[in-house]
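A.B. asks: next one to model:
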Amino acid sequence: MSSRNSSNMSTTRTLSGISEMDALKLGLDLVSAARRNLGFLRTVAESRWLHPKATLVEAIRRYSELWLPLMAYLTAESTSMKTPVVHPPIDIEWVWLCHTLNPVHYRHYCESRFSRLIGKPTIFDEENEEYALMTCRDFWVKMYPDEPFENECDSDVGVSDVAIDEELLEEVSKHRFLYSKFSEPYRSEIVYLIAARQRYKGFLFMVQRSTDLASNLVPTSDIMLMWLIHQSYPTVYAEDLKEVAGDLVKVLTVWDKVKEKEVEETKKLWERTFDQPYEKAGGEIALTMDGGVSFKPPVYWEVSDTDVNTKYKPLLPRFLLEVCVFVRLRDKMKAMQENIKRDNLRLRMVRCHRELKLGKPMSDFSHLSWQKAWHLYCEFGTKGVMVELRQRGGYCFKGNSVQDTVTFCWNDLLRAPSLSLEREDDEVKIVTSITPPVQAPYLMKCVPDRVTDDSGAMISDVILRMNQYRPQEGRWLSRTVLDHAGRECFVIRIRVGEGFWRRGGEAPSAVKWEDRIIEIREGSWSYVAGSIGRSPVKMVGTALPKEPEEQWKAAWHFSTGDELMIGGLPSSVSGLRFFLKNQSAESTGKLLKGRRMQYQVKKKGSVTKDEGCQVYEESEEVEEEDEEEGFLTLVRITEEDPNGRATALLNWKLLVVELLPEEDAVFVLLLCICILRSVSEMKKEDIGGLLIRRRLKEDKFGTRDWGSVALHPSSSSSYSSPHLEPWYWNAKAIIKSEGSSNISRQPSITVGYSPEEGGDKLYRRGILA
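C.D. replies: Modelled structure (predicted):
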C-alpha cells in the first residue's frame, strides 16, 4: 500500500455529477415544507385524543363531506397550481395528509367527485398558519353554520351507524405511527433537509434514467421523507413528476416490507449512477426487511423544545451526531487480492476517545460495491474520525505500520452538500457521512472531594495560614459534580459537624438531625494551592430533612418546592419505596425503580420476531433484579401525556445521572444525594461511599470519555468495550474510577485523613446514625 500524505488525496462530493439541466425541477420548497410537516406529525403523535376510532370516523366525515367540497368551492375560479390561503383544523389536516400519501387513490377520488385535483396551500410559518386558520374558520361558519369548526366527537362513545369510508379509514389508521419513522431530532435541521432534498432529486434522476427496472426500488429514510412531503402537496407533486409518474409505481412506500434482493438492486443502481454509497448517516433503509434482521440504535434522543438548564452557566450542553463510514477498493486492487491480506483499516477519534481503535481487514472489502465499515454515534467534541491505512509486518517483523491516515472533521462534513465527503488514493476510497449535531441528554457524575467548612473552604493548613490561623468552623462532606467532559459544574455539600478543631482541645461535633442540610453550589472550585480550594459562592439548590409521616422512613423538602418521601424495609434496598409531590408543579413526578421505558436494558444478542421481521435488540430479556439496584427512572406525567415521559435516569448508589434538557439538573442531583444519604442511614451502612473524603484518581480525560462514542450494533467489530455502549448498560464498569473499584469497602480506610477534619467517628455518626 502506498504511503502518501492525506492532504494530497482528492476530495469529491456526493451527487456532484447531476447538473441543473439534468435534475427535475421541483415547484415546492421541500426544506420548509418538511420542517413544517415534521412538527405537525409530532403534534399528531402527541394528540392521543385524535386516534380513537370514533374520532377518526368523525374526522373522515368532516373531511369528505365538508372540507373537500369547501376547498372545491374556494378553488373553483383558481388555477390548478394556486390555492387559497386557508388552513383546516388538526383532525381534517391529518386525514387530508394521509389521503394525499396515496397519490393514485387521491387523484381518482378528487376527479370522480370534483372533476379535478384539489391542491393544498403551501403555508410554512406560524404567523401565516394562524391567519389561514382564522380565514378558514370564517369560510366554515358561512358554509356550515350548524357544524362545529373543531372535532367535538366524544371518543368514549361508540361509532355511529353512519356510512364509513373503510379505505380511507384504513389509510389514516395505517399512518398512526408515521412520526416514529422520522422522530430523530436531526431530521428538522435545515442542513440535513437540504442534503435530503439533493439526494431525493438524485433518486428521481436515477428513476428517470432507469427505463427497465427489474425489481422494486427501496428508498432510504431521508429520500422517503422528501418523497412523502412532496406527495402531500398533490397538485405540485403531479405537475413536477408527470414525466416519471409511471416509473414511481416501482418504488416501495413507507409501510411496505422489502426483500434483501430489492435493497441490493437499489444500492447497485445508485452506485452505478453516482459511484457513491446509497445509504448514509441519517439515510438508512427505512422499510422493514421481510425476514431480515434490524437493529435497535444504542442511543435515545428526542426533540426537546426547551432546555431549562441554560440558567446554570457552567453546565454546557452536549451534542451528538450519527456517523457512517463506507469503504470501496479501487478497481486495480482486483488483481492484488493476495497483497491486501496483510493490509487493514483502523478507525480512531480525533479527540475525547483516543483509546479507540476499531480495525477492519482490507480483505473484507470489495472493488465491486461500497460496504459499510463502521456505524457509530459520537459527541461533537470528538471533532472527527481518522482512518489509518495499516500494513502488517512480514515474517521477520511484528506489529503494524501506518501507511497513510485520512481525517474527516465534523466541521468539513457539515459544509459538504450532502453531509458526506470522499477521500481516495491509489488503492481505496472512503466515504464518511454524518447527521447534524443535535442536543443530547446531559451526563453528570459526583466524585468525592475534601471536607469543607461553613464558608465553603476545604479543611487544610493552606486555608488555615491564609486565615491567619483562625480555626475553620463547621464540617461538610463535599462532592464535585463533573459533566461528560470532566468539567466541574456543581459542588454538593452535606452538613455533618459544627464547631472547630484545636490541637489537644476542642473537636467538631455532629449537628442535630434537623440541621443536616444538603446544598448545591453552581460552578467549580477556586483552587488556591494544588487541589486545595474554595467552593463556588452561588447556591442553586437545598434539601432540608423533614419529620417523615408514619408510613415513611425519611422525608426531604427541596428548594424547588418538591418533597421526597422514602420508605421500605431497612434491610432490603430492593424493597425501597419513593414518592414525590409538588402542589404547584405543572407535571407530576414519579420515581420508578430500575431502568425503565427508553432506558430499559435487556440481555444482549437476542433476536425476536416483530410482525414478520427479526428485530435484533441489544436487550431482549430483562436483566436480573440486582442489576437494576440503585437505578431510578424519573417520569413526568401531564394532562397531555397521562402515560408519562421519562426525563431522567439516576443511579443513587454511584451518584450518576442522565437527564433530558427539559429536566432540571439541580433537582435530579438533589434526588440522587438525598436518597443515598437516607438509605445509608436506614441501613446503617455506607453503601455509596459517602465517607470517602478525598478526590480519587480517575482516567485522564480524553482517553475514553464516557458517552463520547457509542457503536451501533450493526457495525460488527472484534473490539468489545463497555465504553462503546450507553453508560447504564454497564454502569459500574464505566463510572468506576482508578483506585475506587471497591468503593463500598473504602470508608473504613482513614489513611490520609487529617485530625482537623474531625475524624472518621464524626462522619459515621453524621451519616449512618
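
A.B. asks: grab the nearest non-local neighbour of residue 307.
C.D. replies: In space, and not counting its chain neighbours, residue 307 is closest to residue 661: 3.7 Å by C-beta to C-beta, 6 or more residues apart in numbering. Placement of C-beta: from N, CA and C, glycine included.

A.B. asks: contacts only, for that neighbour.
C.D. replies: 304, 306-309, 317, 439, 441-442 (C-beta atoms under 8 Å, 6 or more residues apart in numbering).

A.B. asks: residue 149 too?
C.D. replies: 89, 137, 140-141.

A.B. asks: from these, which land in helices?
C.D. replies: Among those, the members found in helices (DSSP state H) are 137, 140-141.

A.B. asks: can you tell me which of the residues you listed has the most neighbours?
C.D. replies: Neighbour counts for the ones in helices among the contacts of residue 149 (other C-beta atoms under 10 Å) peak at residue 140, which has 19 neighbours.

A.B. asks: state the distance from the closest residue to that one other than its chain neighbours to residue 44.
C.D. replies: Take residue 140 and drop its neighbours on the chain: the residue closest to it by C-beta to C-beta, 6+ apart is residue 149, 5.2 Å away. Distance check for residue 149 against residue 44: by C-beta to C-beta, to the nearest Å, it reads 18 Å.

A.B. asks: same check on residue 764?
C.D. replies: Applying C-beta to C-beta to residue 764 and residue 44 gives a distance of 57 Å.

A.B. asks: give me the more crowded residue out of these two.
C.D. replies: Set residue 764 next to residue 44 and count neighbours by other C-beta under 10 Å: residue 44 wins out with 21 against 17.

A.B. asks: for the more buried one, what are its contacts?
C.D. replies: Applying C-beta under 8 Å, 6+ apart, we find residue 44 in contact with 50, 90, 94, 178-179.

A.B. asks: how many neighbours does residue 212 have?
C.D. replies: 4.

A.B. asks: now the phi/psi pair for residue 254, please.
C.D. replies: When read as degrees, to the nearest 10, the backbone of residue 254 gives phi -60, psi -30.

A.B. asks: out of everything not next to it in sequence, what's closest to it?
C.D. replies: That would be residue 224: by C-beta to C-beta, 6+ apart, it lies 5.9 Å from residue 254.

A.B. asks: put together TSV for the contacts of residue 661, with secondary structure, neighbour count and pLDDT on each row.
C.D. replies: Shown next, in TSV, are the contacts of residue 661 (DSSP: H, G, I helix; E, B strand; the rest coil; neighbours: other C-beta atoms under 10 Å; pLDDT from 0 to 100):
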residue	secondary structure	neighbour count	pLDDT
304	coil	17	80
306	coil	9	89
307	coil	15	92
308	helix	16	94
309	helix	20	95
317	coil	14	93
439	strand	17	94
441	coil	23	94
442	strand	25	95
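
A.B. asks: ok, what's across the strand from residue 709?
C.D. replies: Counting by DSSP bridges, residue 709 forms beta bridges with residue 378.

A.B. asks: no wait, residue 318
C.D. replies: Taking DSSP bridges, one obtains residue 440 as the residues bridged to residue 318.

A.B. asks: can you list contacts of stretch 362-376?
C.D. replies: Here stretch 362-376 makes contact (C-beta under 8 Å, 6+ apart) with 267-268, 271, 276-279, 281, 322-331, 333-334, 337, 340-341, 343-345, 347, 358, 360, 428, 431, 709-712, 714-715, 717, 724.

A.B. asks: what about residue 468, neighbour count?
C.D. replies: 6.

A.B. asks: which SS state does it fall under?
C.D. replies: coil (DSSP: H, G, I helix; E, B strand; the rest coil).

A.B. asks: which secondary structure element contains residue 235?
C.D. replies: Using DSSP states H and E, residue 235 sits within helix 234-240.

A.B. asks: cool, and residue 497?
C.D. replies: strand 488-498.

A.B. asks: parallel or antiparallel, which strands does that strand pair with?
C.D. replies: Strand 488-498 has these strand partners (DSSP bridges): strand 475-483 (antiparallel), strand 509-510 (antiparallel), strand 518-522 (antiparallel).

A.B. asks: related to what we said a few turns ago, tell me which of the contacts of stretch 362-376 fall in strands.
C.D. replies: 322-329, 343-345, 347, 358, 360, 428, 431, 709-711 (DSSP state E).

A.B. asks: quick one on the thing from earlier: with the ones in helices among the contacts of residue 149 in mind, which one is nearest to residue 169?
C.D. replies: residue 140 (23.0 Å; C-beta to C-beta).

A.B. asks: for that closest one, give me its contacts.
C.D. replies: Contact partners of residue 140, counting by C-beta under 8 Å, 6+ apart, are 66, 70, 147, 149.

A.B. asks: closest to residue 165 out of these?
C.D. replies: When the contacts of residue 140 are compared against residue 165 (criterion: C-beta to C-beta), the nearest one is residue 66, at 13.6 Å.

A.B. asks: and the helix holding residue 235, what does it pack onto?
C.D. replies: Applying 3 or more C-beta pairs under 8 Å, 6 or more residues apart in numbering; DSSP states H and E, we find helix 234-240 packed against helix 103-114, helix 221-231.

A.B. asks: deepest-packed of those helices, please.
C.D. replies: Each of these was scored by mean neighbour count; the highest is helix 221-231, a mean of 24, by mean count of other C-beta atoms under 10 Å.

A.B. asks: that one versus helix 103-114: what angle between them?
C.D. replies: Computed by axes from the mean of the first three to the mean of the last three C-alpha atoms, to 10 degrees, the angle separating helix 221-231 from helix 103-114 equals 10 degrees.
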